[in-house]
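J.: Got a predicted structure here, sequence first:
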Amino acid sequence: MTIKDQYLGELNHLLHVIPSEQRQELLLDYELHFQMAMENGQPEEQIAHELGDPRVIAKELLLGYRVHQAETKQSPVRVSRAVFSAVSLGFFNLIFMLGPYLALMGILFSLWVVVVVLWATPVLLLADWAINETFPLTAVLSVCALIAGLALLAGVGMTKLTKGLLSMTMKYLKWNTRVVRVVKEK
Amino acid sequence: MNVQFKKGVLEICVLVLASREDRYGYELAVMISEKFEVAVGSVYPLLNRLTQEGLFSTYLQESKEGPPRKYYRLTEPGWHYMRGLIDEWNVFTEAVNEIIEEGLRP
């Protein structure tokens, strides 16, 4: 196997999470680069060296993919994946980026638990009334209405908060990823 | 050159290089890596990101000598984005130059 095949093979392997069509598009740049440089008489080994470590390149490409995925459809899972990609690439210090991010997500999650409990409460109260009839129906209904109203407000608020935090994270991430790696030794 | 300096600056350079005529990836990668001492391989992820953001469009073209070339063309939004970056850059460098000149005046 030639060095070129090895290089492209490793890149392909490292990018396996990206759908095939998109991955081929990314690999094409490197394939063409090899071809062009070889045409100019450069030995394969030197080309591979100049391109840089395929593991680092794969991380950079993967980050681009993750950020794009998170942007087209912002969801906590996608944004988190992008954040993890960025951390693995060394864009962020573990403590300064991942720590606060996880803490924030933790707080967000527990607030959502509260919202879910609020939503469930009227249902549980009605079920309790149906079984035990401890309190009169009018009292149960008015309490239910009150809690349902609160739950609705909390739900809307939390949706806004979640969206806001996710897009803020994305903005910060994108701003930081505009870095291009430098050559360490020359 | 300082790593912090390179943030964003490379983006301007790639956009400007492709503004006059469409450029193929290899050409851009070599030009940029020669000037800024960045790893050649990491210019492509940058190009890819800019393409995803709609600032570049790409097309493949056979060439008479050698392998086909993947060309990067600056799009309309790419052009506006580039103009914005250049304006910011000019304001920034002017301010820095002023301070340097005043600071070094005997």
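T.: Okay, I see it. Residues are numbered from 1 along each chain as shown, chains lettered A, B, ... in the order given.

J.: Which pLDDT value does the model give residue 99?
T.: No chain was given, so I picked chain A. Per-residue pLDDT puts A:Gly99 at 80.

J.: my question was about chain B
T.: 94.

J.: State the helix or strand in which it lies.
T.: Taking DSSP states H and E as the criterion, B:Ile99 maps to helix B:76-104.

J.: and if you look at A:Ala82?
T.: A:Ala82 belongs to helix A:76-88, assigned by DSSP H and E.

J.: Run through the residues that contact A:Ala70.
T.: A:Ala70 makes contact with A:Arg78, A:Val79, A:Arg81, A:Ala82, A:Met170, A:Leu173 under the criterion Cβ atoms under 8 Å, 6 or more residues apart in numbering or on different chains. Bear in mind the C-beta positions are built from the backbone N, C-alpha and C, glycine included.

J.: So is the strand or helix carrying A:His49 next to chain B?
T.: A:His49 is part of helix A:44-51, with elements assigned from DSSP H and E. Yes: interface with chain B: helix A:44-51 contributes A:Glu50, A:Leu51 (Cβ under 8 Å from any Cβ of the partner chain).

J.: could I have the very next helix or strand once past that helix exported to CSV, CA atoms only?
T.: Toward the C-terminus, helix A:44-51 is succeeded by helix A:54-72 as the next helix or strand (DSSP H and E). Output of helix A:54-72 as CSV, limited to C-alpha atoms (Å, rounded to 0.1, in the frame of the first residue of the first chain):
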residue,chain,number,x,y,z
PRO,A,54,-4.4,12.7,9.8
ARG,A,55,-5.7,12.3,13.3
VAL,A,56,-5.6,16.1,13.9
ILE,A,57,-7.1,16.8,10.4
ALA,A,58,-9.9,14.3,11.1
LYS,A,59,-10.7,16.1,14.3
GLU,A,60,-10.8,19.4,12.5
LEU,A,61,-13.1,18.0,9.8
LEU,A,62,-15.3,16.3,12.4
LEU,A,63,-15.6,19.5,14.3
GLY,A,64,-16.8,21.3,11.1
TYR,A,65,-19.3,18.5,10.6
ARG,A,66,-20.6,18.6,14.1
VAL,A,67,-20.9,22.4,14.2
HIS,A,68,-22.8,22.3,10.9
GLN,A,69,-25.1,19.5,12.2
ALA,A,70,-25.8,21.4,15.4
GLU,A,71,-26.5,24.6,13.4
THR,A,72,-28.9,23.1,10.9
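
J.: what helices or strands is the lowest-mean-pLDDT helix or strand in chain A leaning on?
T.: Scoring the helices and strands of chain A by mean pLDDT, DSSP states H and E places helix A:76-88 at the bottom, with a mean of 81. Contact here means 3 or more Cβ pairs under 8 Å, 6 or more residues apart in numbering or on different chains; DSSP states H and E; on that basis helix A:76-88 packs against helix A:54-72, helix A:99-132, helix A:137-176.
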